[in-house]
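[1] Next come a sequence and a model predicted from it.
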There are 2 protein chains.
Amino acid sequence: MKPKSVKELLHSDKYLQEVTVNGWIRTFRSNRFIALNDGSTINNIQCVVDFENTEENILKRLTTGTAVEITGTLTESQGKGQNVEIQVTKIKVLGDSSPDEYPIQPKKHSLEFLREKAHLRIRTSTFSAVMRVRSVLSFAIHKYFQENGFYYVNTPIITGSDAEGAGEMFRVTTLNDKNPALTEEGKVDYSQDFFGKETNLTVSGQLEGETYAMGLGKIYTFGPTFRAENSNTSRHLAEFWMIEPEVAFLDLDGNMDLAEDFIKNVLKHVYDHCKDDLQFLEQRLIQEEKSKPQDQRSEMTLTEKIRFVLDNNFKRVSYTEAIEILKNSKPNKKKKFQYIIEEWGADLQSEHERFLVEKHFKCPVILFDYPAKIKAFYMRLNEDGKTVRAMDILFPGIGEIVGGSQREERYEVLKEKITAMGIDEKELWWYLDLRKFGTAVHSGFGLGFERLVQFTTGMTNIRDVIPYPRTPQNAEF
Amino acid sequence: MKPKSVKELLHSDKYLQEVTVNGWIRTFRSNRFIALNDGSTINNIQCVVDFENTEENILKRLTTGTAVEITGTLTESQGKGQNVEIQVTKIKVLGDSSPDEYPIQPKKHSLEFLREKAHLRIRTSTFSAVMRVRSVLSFAIHKYFQENGFYYVNTPIITGSDAEGAGEMFRVTTLNDKNPALTEEGKVDYSQDFFGKETNLTVSGQLEGETYAMGLGKIYTFGPTFRAENSNTSRHLAEFWMIEPEVAFLDLDGNMDLAEDFIKNVLKHVYDHCKDDLQFLEQRLIQEEKSKPQDQRSEMTLTEKIRFVLDNNFKRVSYTEAIEILKNSKPNKKKKFQYIIEEWGADLQSEHERFLVEKHFKCPVILFDYPAKIKAFYMRLNEDGKTVRAMDILFPGIGEIVGGSQREERYEVLKEKITAMGIDEKELWWYLDLRKFGTAVHSGFGLGFERLVQFTTGMTNIRDVIPYPRTPQNAEF
């Protein structure tokens, strides 16, 4: 008989049918009730063991974490919290799990403890819920773009271009680690390295993405990106996944429309398709928040935060306007901000972004037209000569979730900015070519995928929303 | 007025409507007919310019590669090969393209030439068709798995585990390139590197994928993998994308069923959704083959090859049986094979695989139960003690497209094999843990995504199916 998944069985109403199911024992209580899970859903199926007719040495082996194959009759459940259960007729132990050694016991483990057991933490309710939501989010992203005429592009991970300028990079090499080949001048001779030049891990696929948008029209990337920054915080990873759409013939207003529509669609998809997991994660967050002082607790539950994004129009505010609001705000005047806003040109911190979203506007906010000085070289210069067509989307709880811009499409202006930034224009000959041949207005944005997973699942540490986090001093597994 | 895409307009029958469209000029002939493309489809839309009422200096700028915004009336076309065309009322040049400098002219360019212009080649019909098919293939893969209860898992790209054993690796480091920190014994001191240990780029997500299958049940990965091998061939990339499903409670037979069903579904999706692009690529291949000697041409056209996979059951043959067939085959006896098959245990080459598929069985073939000696340590040992539960799927034209196995789930057997391979078991403590706690039969396979794109598009060089190929001595862009 073909085994069925726990999810299929829980949605079945074909009572009195004989069924087979494989899974791992979550708990076994009263020598009678197995809570069985196979990862297909957050919910366990209850399997009722006929303990009087089951061998003692089998019963002893039914401990948390043990893999079993169970055959029995699907029946309507008398217990509360479930519709169906299985009256077990046959049980086969596939793999034991010694209660003395297995670290994932049916009690509360700290997230820190589970990070040390990253190969086993997926067997807990919390991590399986997070990772199922992560998977559905991924699919929602692909679905949105594919249904809206975008093509998926795999930009290179190993890059020979060091002009992206988004952060510190990891070197990729096959040269001898202790005694690399040297040139006559005594420098490392990268012409003898694998690629014949110095190469690094990409920090962004945007520049290559632009080359494809200028041929395919509408594209998106979704792949890993890297930062070799020594940031040991709950918000940073050295390896994370990023989504970067890029659209030809689109200006900044259109870019804001796209980003808002995209985020709402993706969150709606997860809201509709992950009800059980979200409900579990909402309760988990409520429990976690109870350990915090009252004034640090979130004013919204997890699903309220998601609905907050779905139900509100994103408020569009220029950087200049935002600075005025912040300068005149209570926390600024009373010096409650860690960084006091004194004048136009200041870079905004997470505390300012959250103030705008959570206290002032009480809706998601899109800030646009930032000072050129605090933004990247490829953003389009406005006619005022001092601001660029950049936009950031700010969310409750996490601050910036999207950063984007209309790109500088004018050859001469771009070339000047590249030179002013001290970048060798020869490094970017191909990027400049886009402005030489059939240039056009185009725009795009970047969304850090793990930030979105954090927002959707309510996990406060970014290390808990990716299977094997890479951070300074940590590349275990 | 909101611009429409070329694809939308070509499918429209709302004649006499005023429309706006943006795109790049492919050709401009007779001072009258613009073939406009925006990447949304392989097909161009014809825009008819009223040259008598258009300024001379505008007409001069309408050259190949120029970006324009065109407004006009959608009309039924009188010309052949198209249903609709646009009677232009307004034309705005967005970005010029000097005919003397723009390398992508309306003539036949060699694929080698276009590889040097990887940032512009997406503007050709061939590459835009290949990349659209690649994008739709990606989506078909996600769709298949998500609709069949699999969860998408992002396994780490930077790995601290050097025991995967699938090939040479790239080192990832932030140590000083010329004078790295050294230990007292004079070795490179990786404890001072970013991750506090030596790290490399992953060659496979399988081992980490297994940890997730043993919690979520059914998972798949789809991400970049790397090989630092000095293979300068038309079949190898240093950076490529791989799909690796992994399923708990599944044996090798189930694994073969899954792989066959998966490939057929994905190809069917592309067959149904990329008709225009496939038709173009089929014609391209026919032209390309004409330059080959008659006996080296493929017996099947592109769509015939796809149908060949869709319409045939994959023939399942044991390695032992295949060796017998090959030993007694004509090319073996007449020494036409480059590598003569003499005895059981020989590794099969592409020529043997293609013989089995194209000449002997005339259908896709799954070989299984390979000698343990030529396969990886993690494959399940059969009762005969000399073969393992491995399987390879062989396709016409390209040979191996899938490699998979049932994994060794027995702790003691796996430990022994790890030791026999000379791998330090401490490196794989977490992988061994899976066999200690709730172990179960499980299986999976790997599919090189670019090989699948090659098969589907008929491109003979793997460098032409990924935007920016990474190969020895080449990491441009």
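    Received, thanks.

[2] Residue A:173 reaches residue A:194, doesn't it?
    Yes - with contact defined as CB atoms under 8 Å, residue A:173 counts as touching residue A:194 (7.1 Å). For glycine as for every other residue, the C-beta is placed from the backbone atoms N, C-alpha and C.

[3] So these two - more neighbours on which side?
    For residue A:173 against residue A:194, the residue with the higher neighbour count under other CB atoms under 10 Å in any protein chain shown is residue A:194, and the figures read 25 against 22.

[4] returning to what we had before: which residues are in contact with each of residue A:173 and residue A:194?
    residue B:170 (CB atoms under 8 Å, 6 or more residues apart in numbering or on different chains).

[5] and residue A:68, what element?
    Assigned by DSSP states H and E, residue A:68 falls within strand A:67-76.

[6] Verify the contact between residue A:65 and residue B:436 for me.
    No - counting by CB under 8 Å, residue A:65 does not reach residue B:436; the two are 9.7 Å apart.

[7] Who has more neighbours out of the two?
    Counted by other CB under 10 Å, residue A:65 and residue B:436 do not tie: residue A:65 has more neighbours, with 23 against 16.

[8] That one belongs to a helix?
    No - note on residue A:65: no helix contains this position according to DSSP: H, G, I helix; E, B strand; the rest coil, which reports coil.

[9] got the contact list for it?
    So, once contact is read as CB under 8 Å, 6+ apart, residue A:65 ends up touching A:24-25, A:97, A:102, A:104, A:123, B:437-438.

[10] Now do the shared contacts for residue A:65 and residue B:436.
    Common contact partners of residue A:65 and residue B:436 (CB under 8 Å, 6+ apart): residue A:97.

[11] list the contacts for residue A:195?
    With contacts defined as CB under 8 Å, 6+ apart, residue A:195 is in contact with A:158, A:160, B:238, B:470, B:472-475.

[12] Pull out the buried residues from the residues you listed.
    Neighbour counting over those (16 or more other CB atoms under 10 Å in any protein chain shown) leaves A:158, A:160, B:238, B:470, B:472, B:474-475 as the buried ones.

[13] now residue A:49: how far from residue A:70?
    Taken as CB to CB, to the nearest Å, the spacing of residue A:49 relative to residue A:70 amounts to 9 Å.

[14] swap in residue A:239?
    Taking CB to CB as the measure, residue A:239 falls 39 Å from residue A:70.

[15] Also residue A:14?
    With distances taken as CB to CB, residue A:14 is found 17 Å from residue A:70.

[16] One more: residue A:42?
    As for residue A:42, its distance to residue A:70 is 19 Å (criterion: CB to CB).

[17] Including pLDDT and neighbour count, could the contacts of residue A:65 go into CSV?
    Written out in CSV, the entries for those read as follows (pLDDT from 0 to 100; neighbours: other CB atoms under 10 Å in any protein chain shown):
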residue, pLDDT, neighbour count
A:24, 98, 27
A:25, 98, 24
A:97, 97, 22
A:102, 97, 19
A:104, 95, 23
A:123, 98, 27
B:437, 98, 24
B:438, 98, 27
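
[18] Tell me the one among these nearest to residue A:74.
    Nearest to residue A:74, judged by CB to CB, of those is residue A:25 at 18.6 Å.

[19] can you tell me if the helix or strand where the closest one lies touches chain B.
    Residue A:25 belongs to strand A:18-29 when elements are defined using DSSP H and E. Yes - contact between strand A:18-29 and chain B, assessed by CB under 8 Å from any CB of the partner chain, occurs at A:22-25.

[20] Just name the closest of these to residue B:115, please.
    Of all the residues of strand A:18-29 next to chain B, residue B:115 sits closest to residue A:22, with 48.9 Å by CB to CB.

[21] And the helices in chain A, which stretches?
    Counting by DSSP state H, chain A has helices at residues A:6-10, A:56-59, A:111-116, A:125-147, A:206-216, A:252-273, A:275-290, A:302-311, A:319-327, A:330-333, A:350-354, A:411-420, A:429-436, A:449-457.

[22] Reformat these as CSV; add distance to residue B:445.
    Shown next, in CSV, are these (distance: least, CB to CB, whole Å):
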stretch, distance to residue B:445
helix A:6-10, 23
helix A:56-59, 34
helix A:111-116, 30
helix A:125-147, 19
helix A:206-216, 30
helix A:252-273, 27
helix A:275-290, 28
helix A:302-311, 36
helix A:319-327, 51
helix A:330-333, 56
helix A:350-354, 44
helix A:411-420, 46
helix A:429-436, 37
helix A:449-457, 26
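
[23] Any chance of a markdown table for the ones you listed, columns distance to chain B and mean pLDDT?
    Supplementary listing: the helices of chain A in a markdown table, determined by distance: least, CB to the nearest CB, whole Å; pLDDT from 0 to 100:
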| stretch | distance to chain B | mean pLDDT |
| --- | --- | --- |
| helix A:6-10 | 7 | 96 |
| helix A:56-59 | 15 | 95 |
| helix A:111-116 | 11 | 97 |
| helix A:125-147 | 4 | 98 |
| helix A:206-216 | 3 | 98 |
| helix A:252-273 | 10 | 98 |
| helix A:275-290 | 11 | 96 |
| helix A:302-311 | 20 | 95 |
| helix A:319-327 | 28 | 98 |
| helix A:330-333 | 37 | 96 |
| helix A:350-354 | 25 | 93 |
| helix A:411-420 | 9 | 95 |
| helix A:429-436 | 4 | 97 |
| helix A:449-457 | 8 | 97 |
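
[24] ranking these by burial, who's on top?
    Stretch with highest mean neighbour count among the helices of chain A: helix A:206-216 (a mean of 26; mean count of other CB atoms under 10 Å in any protein chain shown).

[25] For that helix, name the packing helices and strands.
    Here helix A:206-216 is seen to pack against strand A:218-226, strand A:239-248, helix A:429-436, strand A:442-448, helix B:125-147 when contacts are counted using 3 or more CB pairs under 8 Å, 6 or more residues apart in numbering or on different chains; DSSP states H and E.
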